[in-house]
Each structure stands twice: as structure tokens, then as C-alpha cells.
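Engineer: compute the structure for the input listed below.
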Amino acid sequence: MWGQYHPIPYKSRIKEKFITLFGIGLSFSQAVWWSVGGYLSVQMSKVIPRIGTDWLYSRIHYAIPFLICMYLCYAKHTGTNLPVWKYYFFTIRLHLRQRTFLYKKGGS
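Structural biologist: Residues are numbered from 1 along each chain as shown. Model prediction:
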């Protein structure tokens, strides 16, 4: 039995739950994205005034940072099946990396 493992725990799709809000179980990374989105929305409401006089539509633009954070939290890149935020992070890191150019000396 040495070197063998039971496949059920490793293939289960059960995700960890860090906190439960409104009946929604959130993992740690999801809870961080939710809190960042809420924080950015509150900070935006302090800087940008309401648009118009209607109660709902004058404040709907405050949800934009929260919706962007929800997109980064739940969306997955189709080609790699990575979370979108991680895919964007790796792409930016790839483009900003220190490059080493190796040239072949010619003409000698």
C-alpha cells in the first residue's frame, strides 16, 4: 500500500470555506476580493458625487469597482483554466521581466 493514495479526496471538487456571507460560502481569496471591492466602492463614494436625484440610479456607478472585483474573483481564462486575475498577473509579469539578450558575434 506504500506509494498509493486514495483518489477520492484529491478529485473532489469541494472548495474550502473561509467565511459565509448571506448563505454564500467564500474561500479566503474570494473573501479578499469581496472586501477589496467593497473598500474601493466606499472610497469611490467619498470622492465622486452622486449623479442625478434618483435614489438608485444616482448611486449605481459606485458598484463598478465591486463588479470589476467580482469579475476578477469568479471568471476563469478559457485556455488555461486559471482565474482571470492570476492570468493577468502572469501576463503583466511576463511583459515586465528583465530580458537577457544573447547575440552571436559575427564577422570575426
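
Engineer: the lowest-mean-pLDDT helix or strand in the chain: what's the following helix or strand?
Structural biologist: The least trusted helix or strand in the chain, going by mean pLDDT, DSSP states H and E, turns out to be helix 7-11, with a mean of 58. Once the chain leaves helix 7-11, the next helix or strand it forms, by DSSP states H and E, is strand 19-21.

Engineer: put the alpha carbons of stretch 56-70 into CSV.
Structural biologist: Taking C-alpha atoms only, stretch 56-70 is exported to CSV below (Å, rounded to 0.1, in the frame of the first residue of the first chain):
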residue,chain,number,x,y,z
LEU,A,56,-31.0,54.0,-7.1
TYR,A,57,-29.7,55.4,-10.4
SER,A,58,-27.7,58.2,-8.8
ARG,A,59,-25.6,55.7,-6.9
ILE,A,60,-25.3,52.8,-9.4
HIS,A,61,-21.8,53.9,-10.6
TYR,A,62,-20.5,53.1,-7.1
ALA,A,63,-20.9,49.4,-7.9
ILE,A,64,-18.4,49.5,-10.7
PRO,A,65,-15.3,48.7,-8.6
PHE,A,66,-17.2,45.9,-6.8
LEU,A,67,-18.3,44.4,-10.1
ILE,A,68,-14.7,44.5,-11.5
CYS,A,69,-13.5,42.7,-8.4
MET,A,70,-16.3,40.1,-8.8
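
Engineer: what lies in contact with it?
Structural biologist: Here stretch 56-70 makes contact (Cβ atoms under 8 Å, 6 or more residues apart in numbering) with 33-34, 36-38, 40-41, 44-45, 48, 50-52. Heads up, the C-betas are built off the backbone N, CA and C, glycines and all.

Engineer: so which of the residues you listed sit within helices?
Structural biologist: 33, 34, 36, 37, 38, 40, 41, 44, 45 (DSSP state H).

Engineer: out of those residues, who's nearest residue 81?
Structural biologist: Residue 81 has its nearest neighbour among those in residue 33, at 18.1 Å by Cβ to Cβ.

Engineer: verify the stated contact: the closest one with residue 72.
Structural biologist: Yes: counting by Cβ atoms under 8 Å, residue 33 does reach residue 72; the two are 6.3 Å apart.
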